[in-house]
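Peer 1: model the structure of this input:
(3 chains)
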Amino acid sequence: MWVVLLTDFFLYLLLAGVGLYVGFVLRTPHLRHAWRSVMTRRGGAVSVVALGFFAAIAILDSVHFHPRLEQPGAQVEYSNEILSVFDVLVGPLRTHVERTYSAPFAYHAHSKETRETPQGRVRVYPRLEYGGAHLENPEQERGWDITVRVLRGALLGAGVWGFLWLSAWQIRRLRGRKPRDPGEAAIPWWSVGVTALLILMLIGSVTQLAGAYHVFGTDKVGEDVLYQTLKSIRTGVLIGTLTTLIMLPFAIALGITAGYYRGWVDDVIQYIYITLNSIPGVLLIAASILSLHVYLNAHAEEYTSLAERADLRLLFLCMILGLTSWTGLCRLLRGESLKLREHEYIQAAVAFGVSGPRILLRHILPNVMHIVLITVVLDFSGLVLAEAVLSYVDIGVDPSMNSWGNMINSARLEMSREPPVWWSLTASFVFMFGLVLFANLLSDAVRDAFDPRVKR
Amino acid sequence: MSALLEVKHLRVAFGTGPDREVAVEDISFSIPKQGTFALLGESGSGKSVTALSVMRLLPEVARIESGEIRLNGQDLLELPEVQMRGIRGATIGMIFQEPMMSLNPVMTVGQQICEPLRRHRRLSRRASMARALELLDAVRVPDPRRRLYEYPHQLSGGMKQRVMIAGALAAEPELLIADEPTTALDVTIQAQVLELLHELQRDLGMAMLFITHDLAVAKSMADAVAIMQHGRIVEADSAKEFFENPRHEYSRNLFAALPDISKRGLRLHGNGSSPDEQAAQPESKASSKPLLEVEDLRVHFPIRRGVFRRVVGQVRAVDGLSFTLHEGETFALVGESGCGKTTTGKGLIRLLPVTQGKIRYRGHDLGHCSAHEMAPFRSELQIVFQDPFSSLNPRMVIGDIIAEGMQVLGSAQESGERRERIEELLRQVGLEPKHQNRYPHEFSGGQRQRIAIARALAVNPRLIVCDEPTSALDVTIQAQILNLLQDLQDQHGLTYLFITHNIAVVSWMAHRMAVMHEGRIVEQGDTVEILQNPQHEYTRTLLSAVPRL
Amino acid sequence: MIAYIIRRALYAIPILIGVNLLTFMLFFVVNSPEEVARLHLGDKYTTQEQVEAWKQEHGYDKPLLYNPEAGGLEQLTDTIFYTKSVRLFVFDFGNSDSGRNIGHDIRQRMWPSLAIAVPSLLLGLLLNATLALMLAFFRATYLDVGGVVLCVVLMSISSLFYIIGGQYLVGKLLQLVPISGYDTGFEAVKFLILPVVIGVIYGIGSGTRWYRTLFLEEISKDYVRTARAKGLSEQWVLFRHVLRNALIPILTGVVVILPLLFMGSLITESFFGIPGLGSYTIDAIQRQDFSIVRAMVFLGTVLYILGLLLTDISYTLADPRIRLR
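Peer 2: The predicted structure follows:
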């Protein structure tokens, strides 16, 4: 039985919006040209491919359903649990739960346990239930087994890549090559190919390994860390995108209205955003989340499942983050509109008696969209990083939700254990770093291509 | 006379690989000691690149590919950068076009003049300041002692250019490169600066490489000239010979393109039209029937100060203007920057609120009607702006730009009809119908100005305010646009309020003119009469400052 | 100038009122004191009497805006709005939900916050400006390209990683300085080194990259060409012309956050156990102590507005073109 959570709905909305935007870009020469120049930068092309991989996981993880319960009776019943398509795809990762900590690729637990044996009590490292369980003699076999699986996975990935590459090439050949405009640089297909190849080989290796080992170990309750990290991608991507989606209408409408009309309209809008802006962001978020907390506490009975409650909190967090971050964009747009309104083409429109709203829509809005786009892409990485910090302070996403912030929060004391449990932290930092780095590279490329002040 | 600077077979290119573009190709010239050499050309002809090559100050993407630049026999291109620095500012001084941008905003005038003195003459701080004071005095900056400690923004444009000159001449160079030094200045200030440069050159005995697009300015300054087109020198000669008898066709076309009182009623030579073709006499069609009467027009901007932003004063941008526009005539509003002429034009069609006064148009007072009451007159009063790059929305195709007025004002409602009208308009202004699906950036400055004219024409106006429509254009393009405006007036009986600082354009085109100064009209009447027999003191100063061929 | 400052100070009043109303709404209108009390007392088995007692003890038993039972002016003053929100305007923060005087706590805790924030800011500014100037000097070389890439990489690392990694490496493996804690007087230095160093390193990526952009923007301006045409050396051009112009946005960017330094850094202080205002705020958030959060919101707003005012004033000092009226 399919379920659409609130955040899922917004993500679908966002995807539809992106689809429309792509169509619009293809029909509009200057946008097509600018995006093409994003893709001609190596950083831009590589990060588009890599971010596509993150986005794919986030989308797969956003198609939710109640699984059907296996029952002998004729009546079909559904579990209360909510799963996503992604959970099904990575099946064993979710179900292979150990008893407690285990290191990456371990076949035994992280700490010794006391066992009763005929020789009396001994303290041993117990074998794991799933990790390396297929090995008869793990000490000798493990190294070879891992190597074989990595190579097999990499070959598989390369095979898939080769197939895709060939079919793409074939399609391109059949459709006929369009001659490139002189002046337009080539897209670095070589870099795109290598990035895709690396990602596919990585996916291949990890799928081969993940069935038999815990690639990133397990956490305190024995859950696979790789699974948690992958699930956290959705949270990160949602926070980075939904926040801007929610704030955009306000920021754009208020910003260009203030800049174009000036006078008392400007005064009122400026007052609103200076007031919001002058409250330190973290404190506003804290205050709002605390209020939400009280509210949820008082109305606990209205939210049946834990997942729905966590989802509501995520959406609310996005709204609050949007509320605190729209002021920056609003100020930028106001400033730009103030400049634009003095441009002669706007004066010419006024001379025709074109109405204010129409000028905003036809003349100002299209000419500030590059600022909006640059801000959206630029904000994404900051928001992903902010989620981790907020969750650490307990004002981020719901503690029951998978997120890098929650992973770090619950793992930060584990570094002081002897020997330290480092894998949870490392896994979340590595994935977060990957997402943020590629987002930063993309935002550099986007700014270079769209910002008229950047000299080419 | 031995040559001070010799440039031989210079070639400069921008970029590398397939994007390489040659900006200067095989240029050779020489400047004798104390001589003045003018490099003439339209925008993009490569004259500034040549000047920067001599200084080796080209932007990083540009590269000198071949050639020699010899100063006193030594090839500058072979000097190491450290020695080149010893030449910049010491043996060669340079001044630039935009005095507002070319001075460091956070350093005082004195500090900036002192720099070359301390660098090249190794003077102490005190000695260099004393010398800077002398220099400011020499470039005739009034009250130099106070100016020494002021910042650039406290000076007017002309004063800034004087300070630039003082800085460039501080170390007494043998050669001064002046890159369009007066283009950004008003004509009266231009006359003063040119006069100053003349005198300083004589007193200091230096040579000058003078770069300009203005034939008349070159004539007043140069001993020898070279004219550049597309990166090449097409003609080089002594000034006397060149101005009396230009040989190359391009040079002759430039002269023919210049508007002048002697060419009234004749077509100007743009590219593609012959100069001797007759146009209607400007005097012929103008009627004496008043179309629009302006009475005591005032546009003031409040100055707010203090805790509660109280209005403490008024900037009287337009201060009591009265004039009448007759149907079918061209009425020119002439004045220097800041005199209020653009404010008048915008106030007239209510792009700016009018403080006081009457604007009578067909029995209605437009000065104080509401936006709603103004609406029916919007189609009859249109405007064409100065800057062809900011007057078209870069995100709209040409067809939509032209159609906007028709849509809003309700003429040609049907899309087929509108399309036909757009095509007709494009043909009228000398463009092709297929251009309507393109974006503004695909067009040159002159073409954009044609589009802007088509946009204004689309709603069948009776009066068009032309706000410096040709100031940003090269002379040949200016000639085409002026011819076009003239033709359209003949065909449609349009009335123009022509706002400009360019006396030559006025003398060719306007039936009547008014001279504006500090928000008021000092003199108005028949163009030829005023030009030949100016009555007011200011008009006389203005006219005598215009360099003549 | 003085008129301008007075006007800006007056303009702060409606903003503070707005912030005050907003927080009042968040804490008392969206959620009733009743619900807050239940949250604190642990929901399920709390009796109404206990809730009432809690409300009385913390001063939440009054009406929100208007008290019809009191007489005269007290109809307005004997309310939650007056005692909890209006009193903030005279910096009377009242007591926290755990009964301590907030004003006293703030005065005590701001010093450790400053001890970390000020050195981090100054060192970071110096280091970033130096590195950025270096990249600008070597612009368009491999050093510059590599430096920018490194900056992007540094920027992409979570601040939590710098802190946890730094603590593990320096504190635990190398045992150079204590991992966390604080001491009074000069002894505090050994506790401050690590957080300051980590703070500076965390800022390098974004700071250097931003300053580099500012420098390059200035270098492309016309006055730099004039300076070169005078025969000045590249170093002189950079230090005397470019640096002075680029410092205007850099300094004013610093000035706006100067007052906020009092507030301390939430994450750093809580990780290193520094008893500053940052960890005070975090503790309050985690204990859900609304009185402290409200006080800090108000304080933060006041400091931010002060920062804006100082920014305007510093512009007039740094940039001769700007005169405030």
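Peer 1: which residues touch B:H153?
Peer 2: B:H153 sits next to B:P105, C:P320, C:R321 when contact means C-beta atoms under 8 Å, 6 or more residues apart in numbering or on different chains. Just so you know, the C-beta spots here come from the backbone N, C-alpha and C atoms, and that holds for glycine as well.
Peer 1: check whether stretch C:229-247 contacts chain B.
Peer 2: Yes - contact of stretch C:229-247 with chain B (C-beta under 8 Å from any C-beta of the partner chain) involves C:A229, C:K230, C:G231, C:L232, C:S233, C:W236, C:R240, C:H241, C:R244, C:N245.
Peer 1: buried residues in that stretch, which are they?
Peer 2: C:229-232, C:236-238, C:240-247 (16 or more other C-beta atoms under 10 Å in any protein chain shown).
Peer 1: quick one: mean pLDDT for stretch A:257-266?
Peer 2: Across stretch A:257-266, pLDDT averages out at 92.
Peer 1: ends of that stretch, how far apart?
Peer 2: End-to-end distance of stretch A:257-266 (C-alpha to C-alpha, to the nearest Å): 8 Å.
Peer 1: need the residue closest to the centroid of chain B.
Peer 2: The residue lying closest to the centre of chain B (C-alpha atoms, centre = their mean) is B:S471, at 4.8 Å.
Peer 1: just checking, that one touches B:H501?
Peer 2: Yes - here B:S471 reaches B:H501: they are 7.2 Å apart, a contact under C-beta atoms under 8 Å.
Peer 1: so which pair among the buried residues of stretch C:229-247 is furthest apart in space?
Peer 2: Spatially, the most separated pair among these is C:G231 and C:L247, at 24.3 Å (C-beta to C-beta).
Peer 1: how about residues contacting stretch B:155-166?
Peer 2: Outside stretch B:155-166, the residues touching it (C-beta under 8 Å, 6+ apart) are B:95-96, B:99-100, B:102-103, B:109, B:112-113, B:132, B:135-136, B:138-141, B:147, B:152, B:181-182, B:184-186, B:189, B:192-193, B:196-197, B:200, C:226.
Peer 1: among those, which ones are in helices?
Peer 2: Among these, DSSP state H puts B:109, B:112-113, B:132, B:135-136, B:138, B:147, B:189, B:192-193, B:196-197, B:200, C:226 in helices.
Peer 1: nearest to chain A among those?
Peer 2: When the ones in helices among the contacts of stretch B:155-166 are ranked by distance to chain A (C-beta to the nearest C-beta), C:T226 comes first, at 19.1 Å.
Peer 1: for the closest one, which non-adjacent residue is closest in space?
Peer 2: Excluding the flanking residues, the one nearest C:T226 by C-beta to C-beta, 6 or more residues apart in numbering or on different chains is B:S102, at 4.6 Å.
Peer 1: show me the helices in the stretch 51-200 of chain A, by range?
Peer 2: Listed in chain order, the helices found in the stretch 51-200 of chain A under DSSP state H, counting those that start in this stretch are A:85-89, A:91-95, A:138-175, A:189-210.
Peer 1: helices and strands around the first one, which ones?
Peer 2: Other helices and strands packing on helix A:85-89, by 3 or more C-beta pairs under 8 Å, 6 or more residues apart in numbering or on different chains; DSSP states H and E, are helix A:42-60, helix A:225-261.
Peer 1: most centrally placed residue in chain A?
Peer 2: Closest-to-mean residue, chain A, C-alpha atoms, centre = their mean: A:V237 / 1.9 Å.
Peer 1: how confident was the prediction at that one?
Peer 2: 93.
Peer 1: next one: C:L277
Peer 2: 91.
Peer 1: okay, now it: neighbour count?
Peer 2: 28 (other C-beta atoms under 10 Å in any protein chain shown).
Peer 1: spit out the contact partners of the residue of the stretch 51-200 of chain C found nearest chain A.
Peer 2: When scored by C-beta to the nearest C-beta, the stretch 51-200 of chain C has C:S156 as its residue closest to chain A, at 3.9 Å. Going by C-beta under 8 Å, 6+ apart, C:S156 touches A:S381, A:F433, A:V436, A:L437, A:N440, C:G205.
Peer 1: do C:G203 as well
Peer 2: C:G203 touches C:S120, C:G124, C:N128, counting by C-beta under 8 Å, 6+ apart.
Peer 1: over to B:I303?
Peer 2: Contacts of B:I303 by C-beta under 8 Å, 6+ apart are B:V311, B:V312, B:G313, B:Q314, B:V315.
Peer 1: and the last one, helix, strand or coil?
Peer 2: So that's B:V315. strand (DSSP: H, G, I helix; E, B strand; the rest coil).
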